Structure formats: structure tokens, C-alpha cells
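> Sequence first, predicted coordinates after that:
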Amino acid sequence: MHLDMDAFFASVEQLDHPEWRGKPVIVGGSGDRGVVCAASYEARKFGVHSAMPIVQARKLCPHGIYTGNSRERYVELSRKVMHVLYSYSPVIEKASIDEAYIDATGTDHLFGSPVEMAKEMKQKIHDSVGLTCSIGIAPVKFLAKIASDYNKPNGLYALFEKDVPAFLQELPVRKIPGVGKKFVVKLDELGVSTCGQVLEYSLDFWERRFGKSGIALWERAQGIDPREVETSTEAKSESAENTLHKDTLDKALLKKWLMRHADRVGQNQRKYGLKGRTITLKLKYSDFQSLTRSKTLPDPTNTTDVIYQVAADLLDGIDLVRPVRLIGLGLSNYNTTGVEQMNMLDHMTHKCSGVVRATEQQQKLDKALDAVRSKFGNKAICRGSLFKFDDD
């Protein structure tokens, strides 16, 4: 099964603001900057969709309700949804904050057929969080994901094994997860728009033409997907970014944002016991051209000040040729060995031979801030450098 919450972010906002129900709600900011994170089904009727620039959305839907995102609230309800799923199967793969795969193998003796189980699951989720979801049922993962998009919102679509060949024969290749717009253009040049047309060519043809992507396409066109539902996946990175209210060349202001992002990223890493070695700075100029710079440290870290200092150093090394409209940073290249080399100078130095390291004082500060925020919320306390910093 593949479960997808219906217009999750926008639906949560409508849940928390009953007066917004039945109205076009666009999540992504109250100004004219940034992009749409989510749009309610009422807003989608006007052509508004996720990843669309807010300014374009306002032209399409000027009377819509535009709101910032309530990240903590989304996480809270996501956890409740996942709790419901685990009451049906121990084999759950969380694909994102609002979607998951469920292995229903062997659950029929407890919950009936997969369709009966899905109906009960949908009702239980609605009773628990007050939101609807759509579920797709199929023999393999990619088909279940496609099926969950049918009959949305509040949909349920079951694709049984005997029906798969006929279903695939007319299925547009653009519906296959992983087949992007550029790949679709190349397939159009070959006159291939459905899975049935893919199979008019041999596997050898697709491999010679597109390599691994061609092999994957040929397999999907036959309904082949060997991937199992993975009960746990290791995190690969953590990042934070923000579109500024006004384009700027002011590096002091940009560093304020880097501290804001480093604070959030560091806090999340410490919460889950993760550390990374590579810090990446991301900039997007006023003409939407993007630039990234990264640095890999000898030892993994989750200390906010270290993450910030490396990102700030990367920013100092860039000659800003145009005003910046977006700034972000990320932490990746996690320590997977479970062994971290001790450095005898860590307690007494912050930067040695050009290498940024965490001091004992910085680590204690992080621990204290984390404890306060855990008890009283993230807005209960802030770092001095961010005092009165307007990040709304």
C-alpha cells in the first residue's frame, strides 16, 4: 500500500482554521517572495501548485488565503498518522512527512482483505487527526504510488495482479515515479508516451540509449519493481533555507540567516544523535541563478557554532556578483562508523590550522538551549546574535 495525505500542509491549516475550509489556501508565505509549499484543492482549481513562485500564485488566485507554514504542527500530526499505520503493520516505510508505504503481507487474518484494511485505516486516521488520505494498493511499490493518486482526495484504488498488464498497456510513462520532464521529452522524440509503447523496443535498445535509466524504464513498463518496503532508512542530510523578503548584498544580514539555519540544523542533528562532516552553503541570486560551496571537516559535527562558522567562511569567500534572494545551508556526509576520533585540543580551541572545531563551552551551550526548547518550545529562547532578528 501507498498512503498519501491529501494536500497535507494546506489541509492542516484548514483544520486549525475552520473559517478557511472550502476556501483556496496556499502555504508558503504571506508576502510575494518564495514558492508555494502546498495548495488546497480549492486553490488547485485556479492552477496553483507546489513549487510555483508565490507571485505567480497570487496572479492566478488573488483572492486566496496565503499563510506561512506551521512546521511543528505538521510534524505533530504526521507522527499521529504514522502511529495509526503501525497499529496495522510493523513494516512501514515513511517516504516523507505526508506519505508512507505499508507492507500488508499476512495481515488479512487480522484486518480482512487489503481493501477492507485500507478502508478501516483511512477511517482511523480521520478519527485520529481529522484529515483525509488516499491509499493505493498494488503488487509492487511504484504501482501502489501511482494508484494512490487515483480518485484523490480521500481516494482508494486497488490494482490487482491480474489487472496489471492491461493497466500498464495504456499507462503514460510520465506517471512512472522517477521519469522526469527531460526524460519525457526524449521519449516523445521516439514516439513513446505509454508503457505499452516502451515494450515495442528491446531491453538492449533501452540500455544502449539511456543506460540504467533505460533499464529501469523497461522494467517498470512490465510491472517489475524488486524494491521492498524498508522499515528504516538512514538520513543522508539535513538542510534549511529561506527566500529573503528583499534581495540583498549585505553579508552581515546573510550571516544572520546562516546562524538561524545552523541553529535549526544543529538542533535537529543533536535530537537524533547525528553528526556530519560536510557543510554546504547555497545561494540563489536575484536572477534565480544558484551557487553552492561546501567544505568537508576532518571530524563529524552537530555543533551549531561550528556549522555556522564554516558556512560563514564559505560566504566570505564568495564575491557576490548580484543581490541574493535565497540563502541556505546543509549538513551531510554523516559519520556511520560510530567511532569518533578525540581531539585533545577540542576543549581549548575553536579554530586550529584553518579547521573549525567545537569547544566544550559551545557544546554545553547547545545542550542547555536544547533542554529549554524541549521543555518550553523553540521560541522560548534564542541565541544572542539572533535577538530581535525578524525572520517572519
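Arrived safely, thanks for sending. Numbering: from 1, shown residues only.

> Give me the neighbour count for the closest residue to Glu120 other than its chain neighbours.
Distances taken as Cβ to Cβ, 6 or more residues apart in numbering put Phe111 closest to Glu120, at 6.3 Å, once the chain neighbours are dropped. For the C-beta atoms, the positions are set from N, CA and C on the backbone; glycine is no exception. Using other Cβ atoms under 10 Å, Phe111 has 17 neighbouring residues.

> Would you check how far apart Phe111 and Leu314 are?
Between Phe111 and Leu314 the computed distance is 52 Å (Cβ to Cβ, to the nearest Å).

> no, scratch that, I was asking about Gly266
Counting by Cβ to Cβ - Gly266 and Leu314 are separated by 16 Å.

> got it, and Gly130?
For Gly130, the distance to Leu314 - Cβ to Cβ - is 44 Å.

> where does the chain have low pLDDT?
29-33, 232-235, 335-357, 390-392 (pLDDT under 70).

> what are the bridge partners for the residue most central in space within it, then?
The centre of the chain sits closest to Ser96, judged by Cα atoms, centre = their mean, with a distance of 5.9 Å. Beta bridges link Ser96 to Glu99, judged by DSSP bridges.

> Which residue of Gly130 and Leu314 possesses the greater neighbour count?
Leu314 (20 against 13).

> mind listing what that one touches?
279, 281, 293-295 (Cβ atoms under 8 Å, 6 or more residues apart in numbering).

> give me the element it is part of.
Using DSSP states H and E, Leu314 sits within helix 304-316.

> and what of Gly196?
Using DSSP H and E, Gly196 falls in helix 195-198.

> Give me the contacts around the very next helix or strand once past that helix.
For helix 195-198, the succeeding helix or strand toward the C-terminus, using DSSP H and E, is helix 203-210. With contacts defined as Cβ under 8 Å, 6+ apart, helix 203-210 is touched by 183, 186, 198, 214-215, 217-218.

> buried stuff in the helix or strand following helix 203-210?
Downstream of helix 203-210, the next assigned helix or strand under DSSP H and E is helix 212-221. By 16 or more other Cβ atoms under 10 Å, the buried positions in helix 212-221 come out as 213-214, 216-221.

> Report the separation between Phe183 and Ser202.
Phe183 sits at a distance of 19 Å from Ser202 (criterion: Cβ to Cβ).

> okay, those two: which has more neighbours?
Each of Phe183 and Ser202 has its neighbours counted (other Cβ under 10 Å); Phe183 has more, 17 against 10.

> Got the phi and psi for the residue nearest to Glu120?
phi -120, psi 10 (degrees, to the nearest 10).

> who touches the nearest residue to Lys271 once chain neighbours are set aside in this structure?
Of all residues not flanking Lys271 in the chain, Asp370 sits nearest, at 7.3 Å (Cβ to Cβ, 6+ apart). For Asp370, the contact set (Cβ under 8 Å, 6+ apart) comprises 267, 270-271.

> ok but Asp370 is inside a strand, no?
No: counting by DSSP: H, G, I helix; E, B strand; the rest coil, Asp370 is not part of a strand but helix.
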